[in-house]
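Engineer: Test case, fold it:
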Amino acid sequence: MPTEPLEPTASARPTPAEQPTQVPDPQQVEADSSPPPASAGRKPVVVVDDVHVEYKVFATGKRPTAADRKTVQLRGRGKQMRTVHALRGVSFTAYENDSIGVIGTNGSGKSTLMRAIVGLTQTSKGAIYASSRPSLLGVGAALMKDLSGERNIILGGLAMGFTMKEIEQNYEDIVTFSGLDKFIDLPMRAYSSGMTARLKFALASVQTHDILIVDEALAVGDRKFRQRSEARIREIRDNAGTVFLVSHSMQSILDTCSRVIWLDQGTLVMDGEPNDVINAYNDEQDA
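Structural biologist: Next up is the predicted model:
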């Protein structure tokens, strides 16, 4: 089926030496990446092409400032720096209606990959192309703690591009979905981390997303909230959206995702059916 050209994400463009002369034809990319039969005929919406992410840190783990780099270069000595390879040659294609689980141990590169897809993390090599701007939903997203949940819904809605009328129309749905009816007038500083995550997810997921990235947002909710969130993710996927779910909960992955990607030390180990990938991952962890 005909597809529209994909565009590189804002901060994930190749360096000038690596910049392609034109955006690749998604149909050609689809053929080159040898997708599984289930993806035949579907539109590719995210293409990750040989992506590397590396950065320099001090031995203590702190990233150097520009002044630190200059001092080390001039003196030839100073604090010891090392290069961390967060991603190593990761390549895959995501299609419309895909719900992709991303698994791996801590430090495997899951969040780095998601931030690179959104455009928040610069790639050192390779490129990422997306048919529309991806939206990142994570529990670390900032909310104004001195304001009430109600005021945060209004400000968050405005930041997402909603009009006041649209915020009013969606307000009750957001509050009901979050389950915070009795606490919505309290300042956010009084909320637990789970309550904050529930409000954030309810606010972000009320918007229609072509590409939604959910980074550990389901891990902090109770069972009922996780069930509602998983149903909302499936709804987004069924409406021709594409969802990436980063989670350590294998059950949430199995209940929600149609495909799983396993990362280990920045390398793509396996990409396939949820049961197959999760079983292989568990076997590796138990070995």
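Engineer: Could you use CA atoms for every contact and neighbour count after this?
Structural biologist: Noted.
Engineer: shouldn't residue 254 be in contact with residue 274?
Structural biologist: Yes - between residue 254 and residue 274 a contact is recorded at 6.2 Å, counting by CA atoms under 8 Å.
Engineer: Between the two, which is the more surrounded one?
Structural biologist: residue 274 (21 against 16; other CA atoms under 10 Å).
Engineer: That one and residue 241, how far apart?
Structural biologist: 19 Å (CA to CA, to the nearest Å).
Engineer: pLDDT weak spots in the stretch 101-250 of the chain?
Structural biologist: 138-142, 216-221, 240 (pLDDT under 70).
Engineer: again, only using 80
Structural biologist: 137-143, 207-208, 215-223, 226, 236-240 (pLDDT under 80).
Engineer: Quick one: the helices in it, in order.
Structural biologist: Taking DSSP state H, counting those that start in this stretch, the helices of the stretch 101-250 of the chain run over residues 110-118, 149-159, 164-178, 193-205, 223-238, 250-256.
Engineer: residue ranges for the strands of the stretch 1-150 of the chain, please.
Structural biologist: 7-8, 44-58, 81-95, 99-103, 125-130, 135-138 (DSSP state E, counting those that start in this stretch).
Engineer: Turn those into CSV, columns for distance to residue 156 and mean neighbour count.
Structural biologist: Converted to CSV, these look like this (distance: least, CA to CA, whole Å; neighbours: other CA atoms under 10 Å):
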stretch, distance to residue 156, mean neighbour count
strand 7-8, 27, 20
strand 44-58, 26, 20
strand 81-95, 28, 18
strand 99-103, 25, 25
strand 125-130, 24, 23
strand 135-138, 13, 20
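Engineer: These: which one's closest to residue 189?
Structural biologist: strand 135-138 (18.0 Å; CA to CA).
Engineer: hmm, back to that, can I get the strands of the stretch 1-150 of the chain in a markdown table including distance to residue 234?
Structural biologist: As requested, these are exported to a markdown table (distance: least, CA to CA, whole Å):
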| stretch | distance to residue 234 |
| --- | --- |
| strand 7-8 | 26 |
| strand 44-58 | 17 |
| strand 81-95 | 15 |
| strand 99-103 | 8 |
| strand 125-130 | 21 |
| strand 135-138 | 16 |
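Engineer: quick one: which of these is nearest residue 230?
Structural biologist: Nearest of the strands of the stretch 1-150 of the chain (CA to CA): strand 99-103, 10.7 Å.
Engineer: Neighbouring strands - and their directions - for that closest one?
Structural biologist: Using DSSP bridges, strand 99-103 pairs in its sheet with strand 242-246 (parallel), strand 259-264 (parallel).
Engineer: returning to that earlier point: closest one to residue 267 among the helices of the stretch 101-250 of the chain?
Structural biologist: Ranking those by proximity to residue 267 (CA to CA) places helix 110-118 first, at 10.0 Å.
Engineer: list the helices and strands that closest one packs on?
Structural biologist: On a contact count with 3 or more CA pairs under 8 Å, 6 or more residues apart in numbering; DSSP states H and E, helix 110-118 meets strand 81-95, strand 135-138, strand 211-215.
Engineer: who's in contact with the shortest one?
Structural biologist: The reference is to strand 135-138. If you take CA atoms under 8 Å, 6 or more residues apart in numbering as the criterion, strand 135-138 is touched by 114-115, 118, 200-201, 204, 209, 211-217.
Engineer: got JSON lines for those residues, with neighbour count and distance to residue 108 too?
Structural biologist: Converted to JSON lines, the contacts of strand 135-138 look like this (neighbours: other CA atoms under 10 Å; distance: CA to CA, whole Å):
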{"residue": "114", "neighbour count": "22", "distance to residue 108": "12"}
{"residue": "115", "neighbour count": "20", "distance to residue 108": "14"}
{"residue": "118", "neighbour count": "23", "distance to residue 108": "18"}
{"residue": "200", "neighbour count": "25", "distance to residue 108": "25"}
{"residue": "201", "neighbour count": "22", "distance to residue 108": "24"}
{"residue": "204", "neighbour count": "20", "distance to residue 108": "26"}
{"residue": "209", "neighbour count": "20", "distance to residue 108": "27"}
{"residue": "211", "neighbour count": "28", "distance to residue 108": "22"}
{"residue": "212", "neighbour count": "24", "distance to residue 108": "21"}
{"residue": "213", "neighbour count": "24", "distance to residue 108": "17"}
{"residue": "214", "neighbour count": "23", "distance to residue 108": "17"}
{"residue": "215", "neighbour count": "21", "distance to residue 108": "14"}
{"residue": "216", "neighbour count": "18", "distance to residue 108": "14"}
{"residue": "217", "neighbour count": "22", "distance to residue 108": "18"}
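Engineer: Cheers, nothing more for now.
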